[in-house]
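Q: Got a sequence here, can you build the structure:
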Amino acid sequence: MGRVTRRAFALAALASLTAASGAKASGATAVPRRRHPVGEMRGMWLATVANRDWPSRQGLTAAQQRAELIAHLDTAVRRRLNTVIFQVRPTADALWPSSYEPWSAYLTGTQGRAPGWDPLGTAVREAHARGLELHAWFNPYRIANHTDLTKLVASHPARKRPDWVVRYGGKLYYNPGLPEVRAFVQDAMMDAVAKYPIDAVHFDDYFYPYPVAGQTFDDDAAYDRHGGGFVNRADWRRDNIDRLVRETAARIQEVRPGTQFGISPFGVWRNAGTDPLGSNTRALQAYDELYADTRKWVRENWIDYICPQLYWHIGNAAADYKVLLPWWAEVARGTGTKLYLGEALYRAGDPAQPAAWQDPAELSRHLTLARNRPEVRGHVFFAAREVAADPSGAMARVVADHYGQPAMPPP
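A: The predicted model follows:
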């Protein structure tokens with residue numbers, strides 16, 4: 001059965017199975033209509049770094065790991081989602097039999113040890129069987145959440161090429177300023193694209209690392225060697241990331257034409273106080289601190305979709321969801337780049353969060369605001385653990401208020 005036919009079949013079956021359950025999800029009135037009859041992104045991130053969402057711990061048997069993974073896919077279907085963004089390269093490792101990098105330690109507890117099955121291959125097959133898209137989520141430059149190269153398996157590329165590595169903020173990173181690094185990380189990611197019919201390649205918000213007070217990302221040698229054509233180091237760093245984005249987009253189409261390329265950046269490009277084109281916010285700026293010119297990627301149509309992480313509540317003083325929503329809609333307007341919004345489900349009901357997040361209706365209000373913006377083609381929720389457990393009822397409220405029927409993702 002062809003993928004579109006298979007997905008349509010699965011969604012039709014889901015509609016008949018779940019029609020009754022939606023009305024019971026919360027006390028809110030269901031909204032069965034969709035803004036975009038040609039498709040609406042309803043996604044969730046499934047994070048594997050530090051065993052955040054899956055597997056629940058290291059060292060489970062292959063059968064246990066597989067059962068947990070299938071349970072997350074079934075939860076996505078039950079919540080009437082249509083896309084799972086599965087983290088398959090969390091720390092310069094792999095959740096598939098890679099030709100370039102070792103098996104992830106998050107599976108067995110030992111980097112390089114085969115888990116006895118193929119998580120990515122299984123995820124693609126089982127997601128498609130359920131009518132879900134599977135987007136493979138890669139972190140390009142993070143090597144490890146520690147600074148000891150000797151803790152990496154002996155065959156790890158970073159151990160063989162320590163000159164590629166920068167220690168910063170208690171972690172190890174590949175140096176984005178080295179052309180050979182940029183080529184290698186693309187090779188490692190394209191290995192998965194070549195082997196599996198994934199629906200998209202997905203990057204998150206980690207390019208150059210988030211700033212750490214009192215520390216310097218030491219790329220002096222790389223800048224001396226490769227930065228001569230730039231006025232300053234910041235422009236050179238942005239160009240390095242621009243090249244990664246452009247080259248990755250081109251290579252995806254060479255390896256598997258039709259596969260999408262999406263990025264989920266930090267939600268603020270620049271503040272208006274820095275740049276009149278920026279948003280009326282007072283937050284960290286992806287352009288200046290992460291060297292990610294996210295606005296350019298949209299305006300130049302380098303990527304198929306962008307999913308800014310708008311992880312703030314309505315009324316936040318520094319970065320108001322109600323302010324960032326129209327700003328991103330304006331950025332996407334008239335481009336070929338689809339706009340999805342990243343939603344902080346993990347904050348809902350967390351007692352450490354501001355009062356707005358204690359209201360189970362906060363996220364539902366986000367989706368209500370977005371319905372007035374035709375540029376917004378859907379939402380993605382962080383993350384799978386909360387989609388399943390839903391301790392505050394916020395996800396059930398979203399489903400009841402907005403996901404009255406299953407929906408296809410945007411074509």
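
Q: Val165 versus the residue lying closest to Pro140 once chain neighbours are set aside, what's the distance?
A: Excluding the flanking residues, the one nearest Pro140 by C-beta to C-beta, 6 or more residues apart in numbering is Val185, at 4.9 Å. Heads up, the C-betas are built off the backbone N, CA and C, glycines and all. Val185 is 13 Å from Val165, where distance means C-beta to C-beta, to the nearest Å.

Q: neighbour-wise, which of the two wins?
A: More neighbours surround Val185 than the other of Val185 and Val165, with 24 against 21 (other C-beta atoms under 10 Å).

Q: for the stretch 51-200 of the chain, which spans come out with low pLDDT?
A: Applying pLDDT under 70 to the stretch 51-200 of the chain flags no residue at all.

Q: and the residue nearest to Pro140, that's in a helix?
A: Yes. Assessed with DSSP: H, G, I helix; E, B strand; the rest coil, Val185 lies in a helix.

Q: That one touches Asn139, doesn't it?
A: No. Applying C-beta atoms under 8 Å, one finds Val185 not in contact with Asn139, separated by 9.3 Å.

Q: if I pick the residue nearest to Pro140, what's in contact with it?
A: By C-beta atoms under 8 Å, 6 or more residues apart in numbering, the residues touching Val185 are 140-141, 174, 244.

Q: quick one: which of those is nearest to Ala389?
A: Pro140 (30.0 Å; C-beta to C-beta).

Q: Which one of the contacts of Val185 is nearest to Gln64?
A: Using C-beta to C-beta, those come closest to Gln64 at Pro140, 30.0 Å.

Q: Just confirm the closest one contacts Leu244, I think it does.
A: Yes. Pro140 lies in contact with Leu244 (C-beta under 8 Å); the separation is 6.4 Å.

Q: Look at these two and report which has more neighbours.
A: Neighbour count, other C-beta under 10 Å: between Pro140 and Leu244, Pro140 has more, with 23 against 20.

Q: ok so that one is a helix residue?
A: No. Read with three-state DSSP, Pro140 is coil and lies in no helix.

Q: For it, give its distance to Val201.
A: Pro140 is 11 Å from Val201, by C-beta to C-beta.

Q: any idea which residue sits dead centre in the chain?
A: Nearest to the geometric centre of the chain sits Asp204, at 4.3 Å (C-alpha atoms, centre = their mean).

Q: That one contacts Ser264, doesn't it?
A: Yes. Asp204 lies in contact with Ser264 (C-beta under 8 Å); the separation is 5.1 Å.

Q: so what sits against both of Val185 and Val165?
A: Counting by C-beta under 8 Å, 6+ apart, the residues touching both Val185 and Val165 are Tyr174.

Q: What ranges does the chain have for its strands?
A: Using DSSP state E, the strands of the chain run over 41-46, 83-89, 133-138, 142-144, 165-168, 171-174, 200-203, 260-263, 305-306, 338-343, 376-381.

Q: Look up how far Pro179 lies from His226.
A: Counting by C-beta to C-beta, the gap from His226 to Pro179 is 7 Å.

Q: Comparing these two, which shows the higher neighbour count?
A: His226 (16 against 13).

Q: So the residue nearest to the centre of the chain versus Gly229, what's the distance?
A: Distance from Asp204 to Gly229, by C-beta to C-beta: 29 Å.

Q: Thank you kindly, that will do.
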